[in-house]
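Participant: The sequence and its predicted three-dimensional model are supplied below.
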Amino acid sequence: MCMDVLIKPPMVVSLGAGFASQDLYLHGFFSASIKLPADYAAGVVVAFYMSNGDVFEKTHDELDFEFLGNIRGREWRVQTNVYGNGSTAIGREERYGLWFDPTEDYHQYSILWSNERIIFYIDNTPIREVVRTQTMGGDFPSKPMSVYATIWDGSTWATSGGRYKVNYKFAPYVAEFTGLVLHGCAVDPSNHNTTCLESNDGVYNAMMISTDQRAAMERFRKKHMTYSYCHDRIRYPTPSPECALGPETESFLTTGEARSSYRHHHGKRNGRSTVDVAQYSSVA
């Protein structure tokens, strides 16, 4: 099954489009294969994410894949983010370049969320792990969330801090989604009851990063990460407690931007990975 979400030229106001899961989920594995709009896509934001903002307005949780469009000749960027218990004052953003052109073919973007960790994957390669710690407290997402896919006008911030806006002469902007996987502990939205047993949650807790996967993740982060909130001393003079800082700090500016950005060196790329892909453990 393939689903398209698109932005059309506005007649009055255009806020975008999308779809959402009918159920809420408490932990699980969630994935979609996505093909992004080609050509001029500045200001366009495509998102695949989990949230409970409609239920918990002031204490919401969220896990994000956000794809940030760009002007012609420059590449899409990918951003991940984690919010817990309404902790929007601390944005845990990371941004990355890609080793392929996401407009030429479908690529898989996945989120594993368990009681103990969150792992983001691209084409089955883990790119980020957030491990639950006591210091994070309620900032670790812990309430049932729905799964969303959206495309919308992010002209005010998405491309070069809002310098480049959505140009509707290139509309409609179409993002294509297929291969949806919603494999988690479903929760009834009306009463928040779940039939999941502790053993179900244990399955997701057991899905950890292998030695080979961790090596692939470290290579990806070293080569492709272009921004990390952990190194942003402008927004956060004191790093968040979960940030484990080391020698890599020297590779980042005080703004959190990488000193040598991957996106400056590469032009159009094909769909073949230059990162060693390591398979995640599947859920039966």
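Facilitator: Cool, got the structure.

Participant: Now do stretch 239-252: everything it contacts.
Facilitator: 90, 92, 130-131, 133, 135-136, 222, 228-231, 258-260 (Cβ atoms under 8 Å, 6 or more residues apart in numbering). For glycine as for every other residue, the C-beta is placed from the backbone atoms N, C-alpha and C.

Participant: again, only using 6 Å
Facilitator: 133, 135-136, 230-231, 258-259 (Cβ atoms under 6 Å, 6 or more residues apart in numbering).

Participant: Same question for stretch 221-233.
Facilitator: 92-97, 239, 243, 249, 252, 254, 256-258, 261-262.

Participant: Could you list the buried residues of that stretch?
Facilitator: 221, 224-232 (16 or more other Cβ atoms under 10 Å).

Participant: any idea how far it is from the chain center?
Facilitator: 14 Å (Cα atoms, centre = their mean, to the nearest Å).

Participant: which stretches of the stretch 1-150 of the chain have low pLDDT?
Facilitator: 1-15, 88 (pLDDT under 70).

Participant: And the buried ones among the contacts of stretch 239-252, selectable in ChimeraX?
Facilitator: Buried members of the contacts of stretch 239-252, defined by 16+ other Cβ under 10 Å, are picked up in ChimeraX with:
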select :136,230,231,258
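
Participant: hmm, back to that, from the contacts of stretch 221-233, list just the buried residues.
Facilitator: Of these, these count as buried by 16+ other Cβ under 10 Å: 92-97, 252, 256, 258, 262.

Participant: Show me these that map onto strands.
Facilitator: 94-96, 256 (DSSP state E).

Participant: Residue 155: which element?
Facilitator: Following DSSP states H and E, there is no helix or strand that holds residue 155.

Participant: Just the strands from the stretch 151-284 of the chain, written as ranges.
Facilitator: 173-187, 225-232, 255-257 (DSSP state E, counting those that start in this stretch).

Participant: Residues in contact with the shortest one: which ones?
Facilitator: With contacts defined as Cβ under 6 Å, 6+ apart, strand 255-257 is touched by 227-228, 231-232, 234.

Participant: try 8 Å
Facilitator: By Cβ under 8 Å, 6+ apart, the surrounding residues in contact with strand 255-257 are 226-235.

Participant: Tabulate those residues in CSV, adding columns for pLDDT.
Facilitator: Formatted as CSV, those follow (pLDDT from 0 to 100):
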residue, pLDDT
226, 95
227, 95
228, 96
229, 94
230, 94
231, 94
232, 95
233, 93
234, 94
235, 92
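
Participant: Redo those as CSV? Include distance to residue 204.
Facilitator: Listed next are the contacts of strand 255-257 as CSV, based on distance: Cβ to Cβ, whole Å:
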residue, distance to residue 204
226, 30
227, 28
228, 26
229, 25
230, 25
231, 30
232, 30
233, 35
234, 36
235, 31
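
Participant: how about JSON lines for the contacts of stretch 239-252, with distance to residue 61 added?
Facilitator: Shown next, in JSON lines, are the contacts of stretch 239-252 (distance: Cβ to Cβ, whole Å):
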{"residue": "133", "distance to residue 61": "16"}
{"residue": "135", "distance to residue 61": "17"}
{"residue": "136", "distance to residue 61": "12"}
{"residue": "230", "distance to residue 61": "20"}
{"residue": "231", "distance to residue 61": "24"}
{"residue": "258", "distance to residue 61": "28"}
{"residue": "259", "distance to residue 61": "33"}
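
Participant: which one of the contacts of stretch 239-252 sits closest to residue 26?
Facilitator: Nearest to residue 26 among those: residue 136, at 17.9 Å, using Cβ to Cβ.

Participant: Work out for me the element the residue minimising distance to the centre of the chain sits within.
Facilitator: In the chain, the centroid-proximal residue (Cα atoms, centre = their mean) is residue 65; its distance is 1.8 Å. Per DSSP H and E, residue 65 falls inside strand 62-68.

Participant: The helix or strand just after that strand pairs with which strands?
Facilitator: Counting by DSSP H and E, the next helix or strand C-terminal to strand 62-68 is strand 77-83. For strand 77-83, the paired strands and their directions (DSSP bridges) read strand 62-68 (antiparallel), strand 94-96 (antiparallel).
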